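Participant: Kindly return the folded structure for what I paste below:
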Amino acid sequence: MKRTDVISKIDELIEGPVYRIDIFPGTGPQKPGNRCFEVEEFFQHNRAEINRKFTSMLIKLYSYYDFWVSAWLSGHEVFENPDLGQLAGLIEHCFAGEWKARDYINIVLPECNSMLILNGNDLYMGVYHPSQGLESLILELAQSEGLFFIRFQRAVKGTRIYQAVIHHGERPRR
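Facilitator: Numbers count the residues shown, from 1 in each chain. Below is the predicted model of the structure:
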């Protein structure tokens, strides 16, 4: 596996169907005083439990699928099936530092032609082009961690993105 192959795969997968593993079941309604933004900022500054949930999900998922991890450390680096300690370190690296200055990793799952993106500045993980088997597994893992698995439908450029929660036992529509 070459670095350029992983970058090409990331570019390809980011255009596919997109989902989120999120702490919220969907976008909240706008309330007076920007309450939604205050709530988000609260969680950004108190995110130890959220970080633990995301880490737990990714490590559990790693026991099922191969990972190609693309990360920026001292430069752009690619890891094919890193050992568990290394994977945990790459995940923790995303959460280091002050909010709005944290890093991210791309995780390609070559067996199902899918990708996850963990950005330490976000309260969700992106899931791109998941296979049916991956969708089912992520749904169960998210629920076990008290998280939500949400499908986003891309709209015409310049319009808002619509979302729908995937409920347990209900297959998402493509």
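
Participant: which residue is nearest the middle of this structure?
Facilitator: For the chain, the residue nearest the mean C-alpha position is Met125 (1.9 Å; Cα atoms, centre = their mean).

Participant: Nearest residue to it in space, please, no chain neighbours.
Facilitator: Distances taken as Cβ to Cβ, 6 or more residues apart in numbering put Ile21 closest to Met125, at 4.4 Å, once the chain neighbours are dropped. All C-beta atoms are positioned from the backbone trio N, CA, C, and that covers glycine.

Participant: returning to what we had before: let me know the secondary structure of the residue nearest to the centre of the chain.
Facilitator: strand (DSSP: H, G, I helix; E, B strand; the rest coil).

Participant: Quick check: beta-bridge partners of it?
Facilitator: Ile21, Leu118 (DSSP bridges).

Participant: Am I right that it is in contact with Thr55?
Facilitator: No: at 10.7 Å, Met125 does not count as touching Thr55 under the criterion of Cβ atoms under 8 Å.

Participant: what sits against the residue nearest to Met125?
Facilitator: Residues in contact with Ile21 (Cβ atoms under 8 Å, 6 or more residues apart in numbering) are 54, 57, 124-125, 127, 138, 142, 147-150.

Participant: Could you list the low-confidence segments of the chain?
Facilitator: For the chain, applying pLDDT under 70 flags the ranges 1-3, 74, 99-101, 153-174.

Participant: tell me the residue furthest from the middle of it?
Facilitator: Pro32 (29.5 Å).

Participant: next one: phi and psi at Gln132?
Facilitator: As for Gln132, its main-chain torsions (degrees, to the nearest 10) stand at phi -60, psi -40.

Participant: Next, count neighbours for it.
Facilitator: 11 (other Cβ atoms under 10 Å).

Participant: Give the other helices and strands that the longest helix along the chain contacts.
Facilitator: Counting by DSSP state H, the longest helix found in the chain is helix 48-62. When contacts are defined as 3 or more Cβ pairs under 8 Å, 6 or more residues apart in numbering; DSSP states H and E, helix 48-62 packs onto helix 84-95, strand 114-119, strand 124-128, helix 132-144.

Participant: Just send these back as TSV, with distance to Gly28 too.
Facilitator: Shown next, in TSV, are the helices and strands packed on helix 48-62 (distance: least, Cβ to Cβ, whole Å):
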stretch	distance to Gly28
helix 84-95	24
strand 114-119	20
strand 124-128	13
helix 132-144	18
